[in-house]
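Participant: any chance you could fold what I've pasted below:
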Amino acid sequence: MARGQLRIYLGAAPGVGKTFSMLSEGHRRADRGTDVVVGYVETHDRPRTVAMIEGLEIIPRKTMTYRGAVFTELDTDAVIERAPQVALIDELAHTNIPGSAHTKRWQDIERLLDAGITVISTVNIQHLESLNDVVEEITGVPQRETVPDEVARRADQVELVDMAPEALRRRMAHGNVYTPEKVDAALTNYFRVGNLTALRELALLWLAGEVDDQLERYRADHNIGGTWEARERVVVALTGGPEGDTLIRRAARIAARTKGADLLAVHVTHSDHLSVAGPANLARQRTIIESLGGTYHQVVGDDVVHALLDFARGVNATQLILGISRRNRFAQILSPGVGVTTTAMSGSIDVHMVSHEEVRGWRRPAGRTGGVAPRRRLAGFCLAAVGLPALTLTLAGLRAEASLPTDILVFLAAVVGVALVGGLYPALVAAIGGFLLLNYYFAPPLHQLTVAERENAFALLVFVLVAVGVSAVVDLAARRTREAARASADAEVLFTLAGNVLRGEHALDSLLERLRETFGLTSVTLLEHPPGAPLTPDSHRDPASWRIVATVGGKPCTTPDEADTEVPVGEELALVLRGRTLPAADRRIIEAFALQASVALRQRRLAEEAERAGPLAHADRIRTALLNAVSHDLRTPLASAKAAVESLRNADIPWTGEERAELTATAGESLDRLDRLVANLLDMSRLQAGALGMVIQPLAMEELVPRALDDLDAASGRVTSRISGDVPEVLADPGLLERVLVNLISNALRFSPPDEKVLVTASALADRVEVRIADRGPGIPVGDRDRVFLPFQRLNDRDNEVGVGLGLALARGLAEAMGGGLTPDETPGGGLTMILSLPAAPASGAPVLASGATTAGDRRGGDAPFADRADPDPASEGGAHPHHDDDPMIGTT
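Facilitator: Here you go, the predicted structure:
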């Protein structure tokens, strides 16, 4: 029988959500058709944890008696007899009651695994044996329940359930972890921010080590010789010669010495495309590097050293592997070569010079370097070949008028002209040719390659030196001009890119289009590899392994292998370019674009998530505002009912029948008012959660306003209602509209002087009805009128006995939910007028039901709207679910 698998949810502290995650995984597998049972889950009477168990089969626990007390434990035999595919068993480190088959629960789990049952369990970091003393030193709380680290390390999967310390403390404060009487003690002791941060770090570090161990086991099981998860980057330079095979294998051995090193191979192609590199050799070496888990890259550069170092720095290489030069010693004396120059210019990059059997097989590369383009160089040779003979013929005809120094100066000017046109090499040819022509045609004895006078010989030598020096300076100037132009172009591109970042422009498509236009590419594509999927050489070429996130230009690349240039962005993204192979010096610019593209993609996805979360956040804000707004309204009917009931229960007072009836009526009225408030509260909660269908129906304002005034009791005497029967009916929900009116009128009464009355009027305006509640209070400055609709805002109010300042925010939210609006205005003569605008009912007066609305027959009565509906599920903080965890503050047997 195959052994079952063990999956552990690891947490840094109780309350992060391990048990909830375990139960969620159980439901997910059960929905897939897997046979899942609950072996043991400790809910601690947390409602959401209890609710998560519903729908899953529960194996009855085993009852045991110890020292006169009754305990329940996991019934291992019952689980084995039931033989499910997956068993959910909480608290891996739990110690069983004495007399159980095993001392520890993890031993029970081992037995289930041996029986072929997959087990999903939970454990906190403080219960691991190796960290037990560290946790006690940090928290000051000894942990008697421990589990050997080896048990956790043998698990097939270990998943960290993480939560920020501040978020966990908020969850605690909301009562989602412990009962209210334990919260204060927990927050001030075990659940301090410092403790939680240290425990979180321990969990992350322990899991990081576990991940490394699991990776090594996976590589050993699958005979993988390469390394993954880059920590160092080893770049091997390939010339296309046969020695590349040796260099690659040497680089692979160097990379294998460092866990997680990356191996990259790069070949530099000259911009004139006249490289002598063997295509067959490069194709074979590319296969070798990919079989070793490395990647192959090709860059273009006029200067091999600079191109190579530009690439190495662009990929943040730490080591560079080069082969020893195959040139002979004489050539190495004239020029130090690529290896020596690269070593001198490498900076912080370590350079390894590797010997090979091809050292003796020297051949001169055909590629040229220089500061001018090949066409200009060719033009320089042509100018030297044609101009020098023509100049010689001209000066020969003027031999009587011109002296040798004059001839030398003229030839020197010609050499400078050739250098300006063609650069160094044509100028050197012109200097040597000019020296020979001057010697043969103009220096005595004529028509001989000898010089009779020392002064003439010295002049000719100076001519050659000056010509060579000027040619070198001109070539260097041309080279620096090209570099300056490239640096200027790069700076301009980076300046534009930085400006886009500072201005907050992160449009992905426009960013890719700018990259395409800047480098003259055919298409630019951002590819994404599925997270978690291994990236192998085969998947590098497989279109099914990549998804196009964004593309501009012509036909996009579907894999990195199709691109002329590829720039990896992290482990999951790759920016691929099609159109031409870009020089190595451009790679840094492209890297900047690639990083900004990844930021733009992340910003776009965050914006999409924020847009989806916006309505939910708004609903949570309104629901919270409603709960706080009615809190002070609940106190009055509760206090009245309580006083009336306690008075009736007092046997020392001989109440008359009339007095008893009056007290009973008072209690009944208070409870009826409380019932209406609670009903409105529940329905508003459903409304903002999207689970409430409002009854939108025609309502007469002259009937609804008196009902709102009845809720205000004695204060209603300070309100004057002037609503005629000619005002059209409005389309609204009666219960919600009554709630809006009560809030607006009570707010007006609160700020009006005691001797002034609040005026309520209504009038028709086009297809709407406006209800105006005017007071004579201090009014609201124009700049503060929007602010008063925010929660916890009360104008010039400093006491907390009249509510928490949410009445206006609630009123506007309810009005907008019914298709209306609420705006403040100034009362003529001083004060504030709240204008409630509602849609007018059709002339037919037929009820208009909102989508999913109920009918009036579903309601219990006009004074108790929606009272018969079931209570909504209690929502935990931020919409998150409270989770189960073992309690570090409560010892277990």
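Participant: which stretches of the stretch 251-400 of the chain form helices?
Facilitator: Along the stretch 251-400 of the chain, counting by DSSP state H, counting those that start in this stretch, helices occupy 279-291, 304-314, 329-334, 337-345, 374-397.
Participant: and the fourth one with helix 304-314, angle?
Facilitator: Yep, that's helix 337-345 we're talking about. Taking axes from the mean of the first three to the mean of the last three Cα atoms, to 10 degrees, helix 337-345 and helix 304-314 form an angle of 50 degrees between their directions.
Participant: over to the longest one?
Facilitator: Per the same axes, to 10 degrees, the angle that helix 374-397 makes with helix 304-314 is 150 degrees.
Participant: next helix or strand past helix 374-397?
Facilitator: Downstream of helix 374-397, the first helix or strand assigned by DSSP states H and E is helix 404-422.
Participant: other SSEs contacting that next one?
Facilitator: In this structure, helix 404-422 packs against helix 374-397, helix 424-441, helix 454-502, with contacts taken as 3 or more Cβ pairs under 8 Å, 6 or more residues apart in numbering; DSSP states H and E. Using the backbone N, CA and C atoms, a C-beta is placed for each residue, glycine as well.
Participant: pick the most buried one from the ones you listed.
Facilitator: For those, ranked by mean neighbour count under the definition mean count of other Cβ atoms under 10 Å, the leader is helix 424-441 at a mean of 21.
Participant: show me what that one is packed up against.
Facilitator: For helix 424-441, the packing partners by 3+ Cβ pairs under 8 Å, 6+ apart are helix 374-397, helix 404-422, helix 454-502.
Participant: so where's the stretch 51-200 of the chain uncertain?
Facilitator: Under the criterion pLDDT under 70, no range of the stretch 51-200 of the chain is flagged.
Participant: which parts of it are helices?
Facilitator: Using DSSP H, counting those that start in this stretch, helices in the stretch 51-200 of the chain cover 76-82, 105-114, 132-139, 149-153, 165-173, 180-188, 193-221.
Participant: and the fifth one with helix 180-188, angle?
Facilitator: Counting by the same axes, to 10 degrees, helix 165-173 points 160 degrees away from the direction of helix 180-188.
Participant: can you give me the offset of helix 165-173 from its chain's centre?
Facilitator: Here helix 165-173 shows a centroid-to-chain-centroid distance of 22 Å under the convention Cα atoms, centre = their mean, to the nearest Å.
Participant: same thing with the shortest one?
Facilitator: Here helix 149-153 shows a centroid-to-chain-centroid distance of 32 Å under the convention Cα atoms, centre = their mean.
Participant: got a list of contacts for that helix?
Facilitator: Counting by Cβ atoms under 8 Å, 6 or more residues apart in numbering, the neighbours of helix 149-153 from elsewhere in the structure are 8, 10, 92, 106, 110, 123, 128-130, 158, 210, 213.
Participant: wait, which of those residues is closest to R612?
Facilitator: L10 (29.5 Å; Cβ to Cβ).
Participant: following the helix or strand that the closest one is a member of, which helix or strand comes up?
Facilitator: L10 is part of strand 6-11, with elements assigned from DSSP H and E. Using DSSP H and E, the next helix or strand after strand 6-11 towards the C-terminus is helix 18-31.
Participant: partner strands of the following helix or strand past that next one, parallel or antiparallel?
Facilitator: For helix 18-31, the following helix or strand on the C-terminal side (DSSP H and E) is strand 36-40. Taking DSSP bridges as the criterion, strand 36-40 forms sheet pairs with strand 57-58 (parallel), strand 86-89 (parallel).
Participant: just the CA coordinates for strand 36-40, please, in PDB.
Facilitator: Presented in PDB, the C-alpha positions along strand 36-40 are these (Å, rounded to 0.1, in the frame of the first residue of the first chain):
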ATOM      1  CA  VAL A  36     -12.400  14.000   2.800                       C
ATOM      2  CA  VAL A  37     -13.200  13.500   6.500                       C
ATOM      3  CA  VAL A  38     -12.600  15.700   9.600                       C
ATOM      4  CA  GLY A  39     -10.600  13.600  12.000                       C
ATOM      5  CA  TYR A  40     -10.100  16.300  14.600                       C
END
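Participant: related to what we said a few turns ago, out of the helices and strands packed on helix 424-441, which is closest to L508?
Facilitator: That would be helix 454-502 among the helices and strands packed on helix 424-441, by Cβ to Cβ, at 11.6 Å.
Participant: buried ones in whichever helix or strand comes after that closest one?
Facilitator: Where DSSP H and E defines the elements, the next helix or strand beyond helix 454-502 is helix 508-519. Using 16 or more other Cβ atoms under 10 Å as the test for burial, helix 508-519 gives 508, 511-512, 514-516, 518-519.
Participant: re the thing from before, I'd like the helices and strands packed on helix 424-441 as a markdown table, with mean pLDDT appended.
Facilitator: Formatted as a markdown table, these follow (pLDDT from 0 to 100):
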| stretch | mean pLDDT |
| --- | --- |
| helix 374-397 | 86 |
| helix 404-422 | 84 |
| helix 454-502 | 71 |
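Participant: any idea of the mean pLDDT in stretch 203-223?
Facilitator: Stretch 203-223 shows a mean pLDDT of 73.
Participant: same deal with stretch 300-307?
Facilitator: 84.
Participant: how about it as CSV, C-alpha atoms only?
Facilitator: Extracted in CSV, the C-alpha atoms of stretch 300-307 (Å, rounded to 0.1, in the frame of the first residue of the first chain):
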residue,chain,number,x,y,z
VAL,A,300,26.3,42.8,-31.2
GLY,A,301,29.2,45.1,-30.6
ASP,A,302,32.1,46.8,-32.4
ASP,A,303,34.4,46.3,-29.4
VAL,A,304,34.3,42.8,-28.1
VAL,A,305,35.6,43.7,-24.6
HIS,A,306,33.1,46.5,-24.1
ALA,A,307,30.2,44.4,-25.5
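Participant: and that stretch, how far out from the chain middle?
Facilitator: Taking mean C-alpha positions (Cα atoms, centre = their mean), stretch 300-307 and its chain are 37 Å apart.
Participant: with stretch 717-726 instead?
Facilitator: Using Cα atoms, centre = their mean, the offset of stretch 717-726 from its chain centre is 57 Å.
Participant: which residues touch that stretch?
Facilitator: Counting by Cβ under 8 Å, 6+ apart, 700-702, 705-706, 709, 712, 745, 749, 752, 754, 756-762 sit against stretch 717-726.
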